[in-house]
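[1] Next input, structure requested:
(chains A, B and C)
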Amino acid sequence: MTEPVAAAVDSLRLVDHHVHGAASGGLDAAGFAAGLSESSWPAPAGTSHLDSQIGFAVRRWCAPVLDLPPHVDVPDYLERRRVLGPAEVTRRFLTASGIGCFLVETGYRADEILGPAEMASAASTPTEPASAEEVVRLESVAEDVAAAGTDASGFAAAFAAALDERARGAVGLKSVIAYRYGLDFDPEPPDPGEVRRAAGQWLRAGGRLTDPVLLRHLLWVGVERGLPLQFHVGYGDTDLTLHRSDPSLMTGFLRRVQDRQVPIMLLHCYPYHRTAAYLAAAFPHVYLDVGLAINYAGSRSAAVVAESLEVAPFAKVLFSSDAWGPPELHHLGALLWRRAMTELLGAWVSSGDWSSADAVRVAAMVGAGNARRVYALGER
Amino acid sequence: MTEPVAAAVDSLRLVDHHVHGAASGGLDAAGFAAGLSESSWPAPAGTSHLDSQIGFAVRRWCAPVLDLPPHVDVPDYLERRRVLGPAEVTRRFLTASGIGCFLVETGYRADEILGPAEMASAASTPTEPASAEEVVRLESVAEDVAAAGTDASGFAAAFAAALDERARGAVGLKSVIAYRYGLDFDPEPPDPGEVRRAAGQWLRAGGRLTDPVLLRHLLWVGVERGLPLQFHVGYGDTDLTLHRSDPSLMTGFLRRVQDRQVPIMLLHCYPYHRTAAYLAAAFPHVYLDVGLAINYAGSRSAAVVAESLEVAPFAKVLFSSDAWGPPELHHLGALLWRRAMTELLGAWVSSGDWSSADAVRVAAMVGAGNARRVYALGER
Amino acid sequence: MTEPVAAAVDSLRLVDHHVHGAASGGLDAAGFAAGLSESSWPAPAGTSHLDSQIGFAVRRWCAPVLDLPPHVDVPDYLERRRVLGPAEVTRRFLTASGIGCFLVETGYRADEILGPAEMASAASTPTEPASAEEVVRLESVAEDVAAAGTDASGFAAAFAAALDERARGAVGLKSVIAYRYGLDFDPEPPDPGEVRRAAGQWLRAGGRLTDPVLLRHLLWVGVERGLPLQFHVGYGDTDLTLHRSDPSLMTGFLRRVQDRQVPIMLLHCYPYHRTAAYLAAAFPHVYLDVGLAINYAGSRSAAVVAESLEVAPFAKVLFSSDAWGPPELHHLGALLWRRAMTELLGAWVSSGDWSSADAVRVAAMVGAGNARRVYALGER
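    Just a heads-up that it's a prediction; the model follows:
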């Protein structure tokens, strides 16, 4: 009775609505382990980042894509990777993923990874072409503007112009204010004088953009563009203070921008995914995914997906991998999501709670349809 | 081995310790969809609030009560509802629910729904009578006092008198301070001068009662009545800022009123139900339920119930539906709770962790006995 | 296919990296019930602390160790306990636990419980010796220093000397700043003048140490010792305000001490165990356990353990019972952990997600190896 669900989920061409490029070069053992951890540091002596759900999931599910047996040892895995070379490894994982469209966020260490066009190319086969669109990170645009040279009074106009230029070809924008400050930011837009003063301070001091006035200014300029606006929420790398990435902290902002008709995309969200699902249920313009957590939770990914499917309407939940670097992560994100959906929806069909037709329909919504609608992908 | 558990749970006459009336009139398509969502707004174009766990659960479990097949389409469901008429629809769902006693909170849009006596009548059958008692919402009494006309210096006495009058026939009181302010309120009672000043401001400004001084004053006057005091906690409609409804934020108040011997009932609690369960384990006067979340989680309701049964003693957990409006919600709350308890307790009996006798006993405690004891229902 | 996992988990000699002594005397009915609750008060009239997951788990799993049938009634259980006497009851449970090494925190009501040497002795059999090491509670050392007599200007030196003395034979230190203040403490070390003033105030006022300046001073002096530093996190007794025990609140401190190479051990963590697991994944010096919660969650313990094994690398997760008092808790902590690991790892092996060899290896890491490495137990 659950076979139609499994077949439908397996054959879905997914839209990965938040992803980064695959590594453009090879990865040595340290780089590979680092790519499978959100930590900024090596594992303690005598331990390995790869002794983890994500490490075990790569050895289980990615090894066969490289013609290796499941659970192969890490050295054998890395040797096989080396022999095949990065282009072939990337081609195999991206085509195996069944992702038909990548919305590529290009603002993080873009020189180390493939760009959107290269992703589309590497993921395409003669019979199944893949496409890619760009999502622009607000903070990176601002940092590019600073690097190109501007001053306090010119910053706002220069940023607006740069964002117009960058957003022209993009399908969405992205904010990492959760990393740079926290989601407990002031929901009101800063006034021009504040922006000018904050810009002056930042341009003198240099470094990454962490000033909350400027970060808020970027958000409000972003909202004006009308594109879906992605927010990093919850779990991530070590820049983050986790409790300040609870999406409930930005409820005031959600209320404040509701009349702008801009979809707000809450990304990852773990361990606040139930809170994010509540916000998606409460507010028409709010959406969520549990990408990143799916990969890191490995054999527990179905449990995380299940929690995201409690109170959120199914039109408000999207698939993403949030992969960056090792293309194993692109494949694994898709594979673990498919396994989770098949397990969960299959069980609900088996118990009679859901009809098989509804299950197939919900899988298609979460895996692709919701992203196509929200990002207007069909209209491009 | 688990059959005695299933049989015992199925045959329990439940006490729904926090519920509202069923809709007194018919519901059109928009009203029905709104009744199955905590959002204040329609779903985005091209989507439906009914593509959700609660929507699927209604189509699965409520359709047969209206002589329809499971998973029937929404238009067919609404047409059948229309043909039967609101009185018959309500009668069917309330009698099907197996709820023998409703503690009806009457303070929210009471003119659109049945009152306690009407609920008892509609839920009764010749062989299985149902009863209903009232739970009085503090804020509604205060707003009635304001509407009837008082001034700053008269408010406190007028409120006390009105509450005395309203509480005389009631079994409990209810606070929505979580909606109107947050559970991070000052745990100390305000002094009379503060109350007078705040009342003056509110009476001049008009509108809903959101002043934290007055909200706290209501709590303390309520505590004096000695009745169980219900608090909205966690998940709810869009007035709420979720992180400010974490029940841990009211720990100071819980400590402050402990010597009053007033049971504090934490309602709904999702996604903070584990925190609520801890408070129920720690403090003798604290209780919890996971109503509302059971209905909204649909096929995931057993997972939510399970988390509420981790650290809370079983004498501290109650059943509620928190239904308001569509009588489907009264039936569904009871049905999903029974399914969850049968699944969970059945599994623990099957694995040998629990005895069958304990499982039957705990189901009866949570489903009815705890409410009878805490609200002294047998003594009325 | 999962039999090797079950066999390996069953035969593991565990290291309980955070535990207290077993009760040195007998326990009457009230004392026994109190020992199985984190509440400071008796259960409400007509209810029992033992109607709970932990109460049911004791009746199920501990009764057979006393030659009683599973699910025996509490009076019969207590009578059997009385007949056997406390020494025999303790011997049976400690030897049944399969714990080979106890890291005993001695700072809480130490006069009522066995010390480390007595624990080792009671847990040893002719064929399977057990050992015990000490973990020193910082706040208890400070309170001993105050009781012994010192003054504001002498406190810092007296505390440092006392801690040197106490830590000499210890394998770790413990902080209960979560109870005494909250984990939202200032991450910076206080300066000597602040410490002197705070000590003067505390020594004059007397009572438990709750001054945040002194509590922070203890942490920083503790960090200097280089021993693993345990923190109470999350769920615990009624002194605690739960939301202030979220470990994310101490992220600033974790960053501030990272260069000291001192392992930070987050204990218990429920319901913030996913947050703790994130911190363990992010920071090389951070570790976690879900002790205490395992016992209190009883038949739900596997669910809690599962959540702790989502994002934390397996080298960062440890076993503990956090037992104090009734030796049932030492046995139950080990038994429920073994059952949880067997269930979870067994399921992942059965589904093909994990190899059997990896499962056996991870069980040994979490159950003993990680503690041996972090506390350098093999080197003593």
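[2] which parts of the stretch 151-300 of chain A sit against chain C?
    By C-beta under 8 Å from any C-beta of the partner chain, the residues of the stretch 151-300 of chain A that approach chain C are A:235, A:237-238, A:240-244, A:270-271, A:293, A:296-300. All C-beta atoms are positioned from the backbone trio N, CA, C, and that covers glycine.
[3] Quick one: name whatever helix or strand follows the host helix or strand of A:G55.
    For A:G55, the element it lies in under DSSP states H and E is helix A:53-57. Downstream of helix A:53-57, the next assigned helix or strand under DSSP H and E is helix A:74-84.
[4] starting at the chain centroid, how far to that following helix?
    Distance of helix A:74-84 from the chain centroid (C-alpha atoms, centre = their mean, to the nearest Å) equals 27 Å.
[5] hang on, the earlier thing: residues making contact with the helix holding A:G55?
    Here helix A:53-57 makes contact (C-beta atoms under 8 Å, 6 or more residues apart in numbering or on different chains) with A:36-37, A:48-49, A:71, A:74, A:295-300, A:332, A:336, C:309-311, C:353-354, C:358.
[6] Restricted to helices, list these.
    Assigned to helices by DSSP state H, the following of these qualify: A:V74, A:N295, A:Y296, A:A297, A:L332, A:L336, C:D358.
[7] nearest spatial neighbour of the fourth one, skipping sequence neighbours?
    Excluding the flanking residues, the one nearest A:A297 by C-beta to C-beta, 6 or more residues apart in numbering or on different chains is C:E310, at 4.4 Å.
[8] Distance check, that neighbour against A:I294.
    Counting by C-beta to C-beta, to the nearest Å, the gap from C:E310 to A:I294 is 10 Å.
[9] what does A:S245 give?
    Distance, A:S245 to A:I294, using C-beta to C-beta: 18 Å.
[10] Ok, A:V366 next?
    According to C-beta to C-beta, A:V366 stands 12 Å off from A:I294.
[11] again, but for A:R255
    Distance, A:R255 to A:I294, using C-beta to C-beta: 29 Å.
[12] The two - which one has more neighbours?
    A:I294 (31 against 14; other C-beta atoms under 10 Å in any protein chain shown).
[13] Excluding sequence neighbours, find me the nearest residue to that one.
    A:I294's closest residue in space is A:S301 (C-beta to C-beta, 6+ apart), at 4.5 Å.
[14] A:S52 too?
    C:P313 (4.4 Å).
[15] and that neighbour, how many residues sit next to it?
    26.
[16] OK, contacts around it?
    A:S37, A:A43, A:T47, A:S48, A:H49, A:D51, A:S52, C:A280, C:A281.
[17] swap in A:S301?
    Applying C-beta under 8 Å, 6+ apart, we find A:S301 in contact with A:A293, A:I294, A:N295, A:L336, A:W337, A:R339, A:A340.
[18] farthest-separated two in those?
    A:A293 and A:R339 (14.4 Å; C-beta to C-beta).
[19] With neighbour numbers in mind, choose between the two.
    Neighbour totals were compared for A:A293 and A:R339, and A:A293 leads with 27 against 21 (other C-beta under 10 Å).
[20] The closest residue in space to that one that isn't next to it in sequence: helix or strand, and which one exactly?
    What sits nearest to A:A293 in space, not counting adjacent residues and going by C-beta to C-beta, 6+ apart, is A:Y270, at 3.6 Å. Remark: A:Y270 resides in no helix or strand, with elements defined by DSSP H and E.
[21] Tell me how far A:Y270 lies from C:Y278.
    8 Å.
[22] between those two, what contacts are shared?
    A:Y235, C:V311.
[23] any chance you could map the strands in the stretch 151-300 of chain A?
    A:170-175, A:229-233, A:264-268, A:286-289 (DSSP state E, counting those that start in this stretch).
[24] For the third one, which outside residues touch it?
    Contacts to strand A:264-268, defined as C-beta under 8 Å, 6+ apart, come from residues A:17-18, A:172, A:228-236, A:247, A:254, A:257, A:276, A:279-280, A:283, A:285-293, A:318, A:320, A:322, A:374.
[25] what packs against the strand or helix carrying A:R91?
    For A:R91, the host element (DSSP H and E) is helix A:86-97. Counting by 3 or more C-beta pairs under 8 Å, 6 or more residues apart in numbering or on different chains; DSSP states H and E, the packing neighbours recorded for helix A:86-97 are helix A:116-123, helix A:328-350.
[26] Could you list the low-confidence segments of the stretch 201-350 of chain A?
    Residues of the stretch 201-350 of chain A meeting the criterion pLDDT under 70: none.
[27] ok and the residue in it nearest chain B?
    A:A315 (3.4 Å; C-beta to the nearest C-beta).
[28] Would you mind measuring from that residue to C:S356?
    Applying C-beta to C-beta to A:A315 and C:S356 gives a distance of 42 Å.
[29] So these two - more neighbours on which side?
    A:A315 (23 against 19).
[30] Surely that one is in contact with B:P42?
    No. Contact criterion C-beta atoms under 8 Å: A:A315 and B:P42 do not qualify, at 12.0 Å.
[31] what separates A:G98 from A:W337, distance-wise?
    Counting by C-beta to C-beta - A:G98 and A:W337 are separated by 10 Å.
[32] Now the common contact residues for the two.
    Contacts common to A:G98 and A:W337, judged by C-beta under 8 Å, 6+ apart, are A:L14.
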